[in-house]
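>>> quick one, what's the 3D model for this:
(one chain, ligands or ions: 1)
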Amino acid sequence: MHVRGTVAGEVDVRSVTTSYGESDLAEVPLRRGDDTPAGDASRARGDGGTATLADGHETTTVTLWNKWTESAELLEPGMDVLVTNAKEEEYDGETQYATTGDSYVVVEPSFLVSVTSIRNWVECPRLYYLNKLSGVPLNYPVVKGTLVHEVFGDLLRGRDLEESIAARVEERGLQLGLLGETADAVAEDVRENATAIEGWLQQGRLDESEDEWRSEQLLISETFGIRGRADAVRRGAPVELKTGKNLKKEPRFKDKVQAACYALLLEEHGGDVDIGTLLYTKNSVLDRNEETGDLNPAKEFTMGEGLLKYVVRLRNEIAAMEMAGDIPTGYEADAKCEYCFEQDTCMVVSGRLEQESKAGRIGRSLPDEEREYFDRFYRAIEEERREIHREYAKLWKQSAEERADDDRALIDLEFLEQRPLEGGRWELRARRPGGANSKLREGDLVLASDGDPVRGESELARIERLDDEVVITADEPVEVTRLDVYPSELTTDRLLVAMHDALLKGDERRKDILFGRTEPAFEDLEETFIDNNERQNEAVTKAVSAEDCALIHGPPGTGKTYTIARAIRAMVDRGERVLLSAFTNRAVDNALAAVLEQLEDGDASQTQGTGDGNAVDIVRVGSESGIRDDMEPYRLERAGDPEDRAAELRNAQVVAATTSTCGSRVMKEQEFDVALVDEAAQLTEPGTCAAINLAERFVLVGDHEQLPPVVRAENDLTESLFERLVERYPGAGVMLDRQYRMNQRIQVFASNEFYDGQLRPATPAVAARTLDDLAGVSRDALPEPLRDPVSFIDVEGDRGQYTDSEEAARIAALIETYEDAGLDRTDIGVIAPFRAQVSEISAHVPDDVAVDTVDRFQGSSQNVIIVSFTATGSLEGPIFEDYRRINVALTRPKRALVLVGDAAALASEPVYERMLEWARA
Ligand SMILES: Nc1ncnc2c1ncn2[C@@H]1O[C@H](COP(=O)(O)OP(=O)(O)OP(=O)(O)O)[C@@H](O)[C@H]1O
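Purely as a prediction, here's the structure:
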């Protein structure tokens, strides 16, 4: 049976004499939990016939024998632990448990450790840590390694070798160009390595097992808390590819460890793995006359139980260290620092951060406040990572229906067909049952499965089309009936690297600004950029003349995008190289569109995506699916001739990319005079750093009275750098105060509540906007209360917690009323606080009415906005969680705002009471 629970006290480790001789044991007091993973129950029954852990939360003792005492020593009260195949024992009338010869002990099983982490850790725990901090740089060996792996996958899928090499090298044109490599030389290099792969595949064919392998597979283990992607699986056993050489008979130890991780993952998928294979591709390049040793590239080894258990203990060390928030010192391993390539980096990091390190320290340490900041944000980012791991755990903790209700999965798809694509990939199609909502979007990476993403057939796939039919592409075919959100750690990984770069590689002056030690400086500049709006003009002047940074605070509709575009035009005119960034692709494209418009109006007269001449070269860096169609001509193509691709990026005077892309290997190589970041109030500090690290000066544009950064954990990441700097350096900031969106009556409440009454309509025409301005619409045709730009409709409601069918029905009727008065349905937007209510309303109204949560409406506007408060009876807890969300909801409309809710409930909280007064005035 499996025993799982939380360590409830001190762990006692000691030696005892048994009939087998001297043995070590550890007694772990455990408060048993009842969250046994669904899959465990059946396996546990198979082992012992007893049901697991359904019996409450009593404390018991679990005895861990022999080598497992090493893991026991890592345990601290409060940590979770899982013991598989434990035996039950009666002791002093109490039921206790102990490990058996078949047991594994897993520390914090819900912390998912990647196979790469375990491999790095076995080399040196410090190496694991340094890799997290600095990421993988753009260098030739890494890119070549990736290419060889890609070609390997292609060969397994039956693609022709030369065709694969040519296609894969072409795809990486940009990276290779930035590294100064030529396509021919790289192709030759890859070809040499691929010979080993071909030879190995031939062997497979000789013993007629060609059908029994598959290419790269994403594997997740809920029992062992490990995840990773095996390069290949042959006859159920893992095959790992290494681009180095190995002249010994046996695979390298760290490579065996990696293969053993995949063996554990495959066993959880029902396999029984007894061998592992390592392919050292460089062996086949070597000349037999010059090298001595075993030149055979393929090395097999027997997968002993001892190794598998050792691997789990290594994994436990990582999980325990991360849980305790410790930093490895290097003393945990026996690696020799003298032989380590990373010794210098290791010493510098230890020196700067005053960390204990086996390699020693060099250099001066960072000031206390910077180290304190580093520690604080390191912890915050790691907390965020744990939240992502919790998302993974939901793959098995929640049922398919629960995940669908949570919008995290599309289930019950009807599989239609699978079609092989050129290059060996597959296109899979399935029919989607009507009306199902989810967070999934075209272009997203998803887990596509036959219904069980963890234990069934599942593949990492990309959504190509998502309407009545779902079309996805994947490396291997799967009879897809379910798609799950894939919880990626990429963004979190990049936050850590961005923070590391800002603090350890950052310029001193920049750090003085970030740490509040120096007032930002400005050049003297007398020039009018915008003549009809004083504050916008001041904002552009600040942005252009800033020597360090400028901060533009733009309430709703005040022309932030217009101001950014004007500032970029001025910078381009001065010959500067500009980075334009924002958190979302949508915001980047919006701003870029405005920049293009400005450049066309201005002296620069012409813009273009590629080429030369006097025109301003502009590139948009991002994936095809992320970028708006009309920005496609500016998208930087990654594939192609290396030199051309690299030149296109290097020559671009304006480069636009999301902050996440700014943390990519390609973008990290770029340098700019100035970085402009839009929607900066929605970015975490390290997220902002990813963009501003690349430039000498920066301009942040945003509104901290609207939505805060999107993070899962509640910690230092929830405040944006924008907000912190606006408060620290009021002199570097400008608040835009004229709005171009709302009728005057609509704007009053938000202005008073959130902007000290400073927001004003930019022109009399804006102030006087009403529905009468729209063709074919007459307010006279509306019932009296709706003629006013702001109205309130009192609905007592059905007292549901997250949904209200009465409000939904009333909203459906309202939409009909507006239609009767001549309004188009697409001019109406409906905002609700909870996704459940969004679904409820969607079920009541026609499909072409936009219904969504506030988060999805930020940044957009609509002629009519209807807000469903979904609050009835007593108001328990804030409806929109945060007043900033109310601000966003109430400032979306241009001409009419209708609030729907229970007046009695709303009046019980002061802010909503004031809102009612205004709406009913
Ligand atoms: N100085 C100006 N003169 C004339 N029109 C302007 C000026 N500034 C902004 N506008 C117009 O006002 C509208 C809103 O501007 P913009 O889209 O830049 O606002 P925003 O602040 O980015 O909006 P949001 O709050 O939604 O992000 C646009 O149609 C823009 O052309």
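
>>> where in the protein is pLDDT low?
Low-confidence regions of the chain, defined by pLDDT under 70, span residues 34-57, 204-212, 287-290, 434-437, 602-614, 872-880.

>>> one more pass at 50, please.
With pLDDT under 50 as the threshold, the chain has low-confidence stretches at 35-55, 604-606, 610-613.

>>> contact residues of the stretch 551-700 of the chain facing the ligand?
When proximity is defined as C-beta under 6 Å from any ligand atom, the stretch 551-700 of the chain approaches the ligand at Gly554, Pro556, Gly557, Thr558, Gly559, Lys560, Thr561, Tyr562. To be clear about C-beta, it is placed using only N, CA and C from the backbone, and glycine gets the same treatment.

>>> how about a markdown table for those residues, with secondary structure and distance to Thr803 added?
Converted to a markdown table, those look like this (DSSP: H, G, I helix; E, B strand; the rest coil; distance: C-beta to C-beta, whole Å):
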| residue | secondary structure | distance to Thr803 |
| --- | --- | --- |
| Gly554 | coil | 34 |
| Pro556 | coil | 28 |
| Gly557 | coil | 31 |
| Thr558 | coil | 35 |
| Gly559 | coil | 38 |
| Lys560 | helix | 35 |
| Thr561 | helix | 35 |
| Tyr562 | helix | 39 |
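
>>> show me which pair in those residues is furthest apart.
When C-beta to C-beta is used, the two most widely separated members of those are Pro556 and Tyr562, lying 13.6 Å apart.

>>> if we can go back for a sec, buried subset of the residues of the stretch 551-700 of the chain next to the ligand, written for ChimeraX?
Only the buried members of those enter the following ChimeraX selection, criterion being 16 or more other C-beta atoms under 10 Å:
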select :554,556,557,558,559,560,561,562
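
>>> could the residues of the stretch 551-700 of the chain next to the ligand go into CSV alongside distance to Glu300?
As requested, these are arranged in CSV below (distance: C-beta to C-beta, whole Å):
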residue, distance to Glu300
Gly554, 63
Pro556, 65
Gly557, 67
Thr558, 67
Gly559, 67
Lys560, 61
Thr561, 60
Tyr562, 65
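
>>> Leu64 against Val105, yeah?
Yes: when contacts are counted by C-beta atoms under 8 Å, Leu64 is listed as touching Val105 (5.6 Å).

>>> list the residues that contact both of these two?
Between them, Leu64 and Val105 have Ser71, Ala72, Val83, Thr99 as joint contacts when contacts are counted by C-beta atoms under 8 Å, 6 or more residues apart in numbering.

>>> quickly list what the third one is bridged to.
Taking DSSP bridges as the rule, Val83 bridges to Val3, Val105.

>>> that one: what's it in contact with?
Contact criterion C-beta under 8 Å, 6+ apart gives His2, Val3, Arg4, Val62, Leu64, Tyr97, Thr99, Ser103, Tyr104, Val105, Val106 as the residues in contact with Val83.

>>> out of those, the closest to Arg769 would be?
Arg769 has its nearest neighbour among the contacts of Val83 in Arg4, at 60.9 Å by C-beta to C-beta.

>>> residue boundaries of the strands in the stretch 651-800 of the chain?
654-658, 672-678, 695-702, 733-735, 738-739, 760-761, 790-794 (DSSP state E, counting those that start in this stretch).

>>> list the buried residues of the last one.
For strand 790-794, the neighbour count (16+ other C-beta under 10 Å) marks Val790, Ser791, Phe792, Ile793 as buried.

>>> which residues sit against that strand?
Around strand 790-794, the neighbours that count as contacts under C-beta under 8 Å, 6+ apart are 745-746, 785, 810, 814, 896-903, 916, 918-920.

>>> ok, that strand: who's next to it in the sheet?
Partners of strand 790-794, by DSSP bridges, with direction: strand 893-901 (parallel).

>>> may I have the following helix or strand past the strand it pairs with exported as CSV, CA atoms only?
In the C-terminal direction, the helix or strand that comes right after strand 893-901 (DSSP states H and E) is helix 903-906. Provided in CSV are the C-alpha atoms of helix 903-906 (Å, rounded to 0.1, in the frame of the first residue of the first chain):
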residue,chain,number,x,y,z
ALA,A,903,-28.9,47.4,-4.7
ALA,A,904,-29.3,46.3,-1.1
ALA,A,905,-26.2,44.0,-1.3
LEU,A,906,-24.1,46.6,-3.1
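
>>> next, count neighbours for the residue of the stretch 251-400 of the chain found nearest the ligand.
Per C-beta to the nearest ligand atom, Glu384 is where the stretch 251-400 of the chain lies closest to the ligand, at 26.3 Å. By the measure other C-beta atoms under 10 Å, the count of residues near Glu384 is 21.

>>> surely it and Leu717 touch.
Yes: distance between Glu384 and Leu717: 6.3 Å, which falls inside the contact criterion (C-beta under 8 Å).

>>> shared neighbours, these two?
By C-beta under 8 Å, 6+ apart, Glu384 and Leu717 have these common neighbours: Leu495, Val711.

>>> what's the lengthiest strand in the chain in contact with?
Ranked by number of residues, the top strand in the chain under DSSP state E is strand 21-32. Outside of strand 21-32, the residues that reach it under the criterion C-beta under 8 Å, 6+ apart are 3-17, 53, 55-66, 68-69, 72-73, 75, 81.

>>> same thing but at 7 Å, please
Contact with strand 21-32 is made by 3, 5-9, 11-16, 53, 57-66, 69, 72, 75, 81, as judged by C-beta atoms under 7 Å, 6 or more residues apart in numbering.

>>> quick revisit: name the helix or strand for the residue of the stretch 251-400 of the chain closest to the ligand, please.
Secondary structure assignment for Glu384, by DSSP H and E: helix 368-397.

>>> tell me the buried residues in that helix?
Taking 16+ other C-beta under 10 Å as the basis for neighbour counts, the residues of helix 368-397 that come out buried are 370-371, 373-374, 377-378, 380-386, 388-396.

>>> right, and the helix or strand after it?
Using DSSP H and E, the helix or strand that directly follows helix 368-397 along the chain is helix 400-405.

>>> name the residues that touch the following helix or strand past that next one?
Later in the chain than helix 400-405, the nearest helix or strand by DSSP H and E is strand 409-410. In this structure, residues lying in contact with strand 409-410 by C-beta under 7 Å, 6+ apart are Ala400, Arg403, Arg432, Ala436, Ser438, Leu440, Arg482, Leu483, Asp484, Val485.
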